[in-house]
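Participant: Build me a model from this:
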Amino acid sequence: MTKNCKYGYKVCYRKYGKSRLKIFCVTNSYDLAVWHIRWYEREPPPKLEKPIWYIREVKTLKEYEKLWKGCPFKDDLS
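Facilitator: Numbering: from 1, shown residues only. All right, here's what the predicted structure looks like:
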């Protein structure tokens, strides 16, 4: 994983015993994604028991636009 991803990062989780990843939040920097994981490992969100956290890159402009759709303060990369 590169730390200079142009489109940002997704913080995802997987429930214990499941195989599907779900997106929890989207960030613009790798450091912020790491911070989110450290925070949520220490204080997991309610209703999530033993989640496993992952950081994934947002790889394409199309995926970036879909994830940030409707957000009033997103960067305009198009």
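
Participant: From now on I want contacts and neighbour counts done on CA atoms only, so please keep to that.
Facilitator: Fine.

Participant: And the strands in this protein, which stretches?
Facilitator: In the chain, the strands defined using DSSP state E lie at 9-14, 22-27, 52-57.

Participant: Which one of those lies nearest to Arg38?
Facilitator: Minimum separation from Arg38 across the strands of the chain (C-alpha to C-alpha) falls at strand 52-57, 9.3 Å.

Participant: which residues sit against that closest one?
Facilitator: 1, 5, 7-16, 33-34, 37, 41 (C-alpha atoms under 8 Å, 6 or more residues apart in numbering).

Participant: Out of those residues, who's the most crowded?
Facilitator: Counting neighbours by other C-alpha atoms under 10 Å, Tyr9 leads those with 25 neighbours.

Participant: Report pLDDT for it.
Facilitator: We have a pLDDT of 93 for Tyr9.

Participant: Cys12 and Arg20 touch, don't they?
Facilitator: No: assessed by C-alpha atoms under 8 Å, Cys12 is found out of contact with Arg20, at 9.9 Å.

Participant: In this structure, spot the helix with the most residues.
Facilitator: helix 30-42 (DSSP state H).
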